[in-house]
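K.L.:
this one's sequence-less:
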């Protein structure tokens, strides 16, 4: 049995199988619903069911609270329809411009840039290319049907792809990366995925907000905008627990020194005396609020830990006048997050 899904306000329609999620069906049909983790953790795909009914696969309660569900809200990455539906969602133009591919890649370099972060570079086959938007991610296809997602940290120029990978003790994939992975290893992936990329229909100044390796897609965005000669104003707030977590601080300072439209604010929350840190401290999104108490004319692109992303959106909208629909995010959910 199949059901018809109608998206408002666009009027776009697609069919969804009875055991298929709304998001999966939309992606198959080329309809650009927003999404991030695809696992019910980040809430990027949240929308409203106007008519019809759905049930949800397991998901994190913070991504869809009981109150939101009672009001008709839904996580489309987890929602299974039981009738024809009319849903309300903010579609993302350009999200289906590039085909999702499955392809092999060869590890061409592994560079340790912090005690718990490496940059791995992937070389694609000579006859293959991966078209993507800066900010999107790929999923590695691992043994046992497991998958792990990482954002491209390089601008989309058809060259090698770099990823920033943080060591998660006991992690199925990161333990391999930090112990046995070597150059010339072959990894298979699927991509590009995700709707975290710059909206080209605006010239509003951008706040780029990152924590930890959430810097990776932000780096790709900055490099891409530089390549195309964009003059949009950008300010990057990058937060870490200690200075070593800002593992490409020198690169960011170089951008700020050379680009009139780019500013950089590093923020450290738990510096130790031996770090000799003299910069900004505290939560990274609080630094944004202190510097920019009125965000009504801005766009925010946030990437990092779910707690940072969620807190930033709530506070920016409630206290800094940021329009709710001008906050774009990619929450880096780990397997530990998904298991909760």
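P.N.:
That came through fine. Just so you know, these numbers come straight off a predicted model, no measurement behind them.
K.L.:
Would you map out the domains in this structure?
P.N.:
If you go by automatic domain parsing, the domain ranges for the chain are 2-88, 101-193, 206-339.
K.L.:
Would you map the strands across the stretch 51-200 of the chain?
P.N.:
54-56, 73-75, 79-81, 85-88, 101-114, 117-123, 137-141, 147-151, 161-166, 186-193 (DSSP state E, counting those that start in this stretch).
K.L.:
got CSV for these, with mean pLDDT and distance to residue 19 too?
P.N.:
Where you see a C-beta, it was placed from the backbone N, CA and C, and this is true even at glycine. CSV is the format used below for these (pLDDT from 0 to 100; distance: least, CB to CB, whole Å):
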stretch, mean pLDDT, distance to residue 19
strand 54-56, 93, 11
strand 73-75, 94, 17
strand 79-81, 95, 7
strand 85-88, 96, 15
strand 101-114, 96, 22
strand 117-123, 97, 34
strand 137-141, 96, 21
strand 147-151, 94, 19
strand 161-166, 97, 32
strand 186-193, 95, 21
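K.L.:
Can you classify the closest residue to residue 62 other than its chain neighbours as helix, strand or coil?
P.N.:
Excluding the flanking residues, the one nearest residue 62 by CB to CB, 6 or more residues apart in numbering is residue 310, at 7.0 Å. Here residue 310 is helix, with the state taken from DSSP: H, G, I helix; E, B strand; the rest coil.
K.L.:
residue contacts, residue 310?
P.N.:
Residues counted as contacts of residue 310 (CB atoms under 8 Å, 6 or more residues apart in numbering) are 43, 62, 331.
K.L.:
wait, isn't the first one in contact with residue 65?
P.N.:
No - contact status for residue 43 versus residue 65: not in contact, 9.9 Å apart, counting by CB atoms under 8 Å.
K.L.:
Next, count neighbours for residue 22.
P.N.:
Residue 22 has 29 neighbours, counted by other CB atoms under 10 Å.
K.L.:
and the closest residue to it other than its chain neighbours, what are its phi and psi?
P.N.:
Closest residue in space to residue 22, ignoring its immediate chain neighbours: residue 76 at 4.2 Å, by CB to CB, 6+ apart. Per-residue torsions, residue 76: phi -70, psi -20 (degrees, to the nearest 10).
K.L.:
Would you mind measuring from residue 76 to residue 63?
P.N.:
To residue 63, residue 76 is 11 Å away according to CB to CB, to the nearest Å.
K.L.:
likewise residue 162?
P.N.:
According to CB to CB, residue 162 and residue 63 sit 29 Å apart.
K.L.:
Looking at these two, which one has more neighbours?
P.N.:
residue 63 (23 against 19).
K.L.:
Could you check how many residues crowd around the closest residue to residue 68 other than its chain neighbours?
P.N.:
Nearest non-adjacent residue to residue 68, counting by CB to CB, 6+ apart: residue 46, 7.6 Å away. Using other CB under 10 Å, residue 46 has 18 other residues around it.
K.L.:
where exactly do the helices run in the stretch 1-150 of the chain?
P.N.:
Applying DSSP state H, counting those that start in this stretch to the stretch 1-150 of the chain gives helices spanning 22-29, 66-70.
K.L.:
Any idea how far stretch 223-243 is from the middle of the chain?
P.N.:
Offset of stretch 223-243 from its chain centre (CA atoms, centre = their mean, to the nearest Å): 15 Å.
K.L.:
Give me the buried stretch members for it, please.
P.N.:
Neighbour-count burial for stretch 223-243, counted by 16 or more other CB atoms under 10 Å, picks out 223-226, 230, 234-240, 242-243.
K.L.:
Now intersect these with the helices, please.
P.N.:
Members of the buried residues of stretch 223-243 lying in helices (criterion: DSSP state H): 223-226.
K.L.:
out of those, who's nearest residue 93?
P.N.:
Of all these, residue 224 has the smallest distance to residue 93: 16.8 Å, by CB to CB.
K.L.:
surely the closest one meets residue 134?
P.N.:
Yes - using CB under 8 Å, residue 224 and residue 134 qualify as a contacting pair, with a distance of 3.7 Å.
K.L.:
what about the chain, any weak spots by pLDDT?
P.N.:
Residue ranges of the chain with pLDDT under 70: 94-96, 158, 333-340.
K.L.:
what's the closest non-adjacent residue to residue 109?
P.N.:
Nearest residue to residue 109, sequence neighbours excluded (CB to CB, 6+ apart): residue 121, at 4.1 Å.
K.L.:
quick one: that neighbour from residue 290, how far?
P.N.:
37 Å.
K.L.:
The two - which one has more neighbours?
P.N.:
Higher neighbour count among residue 121 and residue 290: residue 121, with 19 against 11, using other CB under 10 Å.
K.L.:
and that one, bridged to which residues?
P.N.:
residue 109, residue 162 (DSSP bridges).
K.L.:
neighbours around residue 78, how many?
P.N.:
Residue 78: 23 neighbours (other CB under 10 Å).
K.L.:
I'd like the strands of the stretch 51-200 of the chain written out as TSV, with distance to residue 257 added.
P.N.:
As requested, the strands of the stretch 51-200 of the chain are exported to TSV (distance: least, CB to CB, whole Å):
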stretch	distance to residue 257
strand 54-56	48
strand 73-75	43
strand 79-81	47
strand 85-88	45
strand 101-114	20
strand 117-123	22
strand 137-141	29
strand 147-151	25
strand 161-166	22
strand 186-193	31
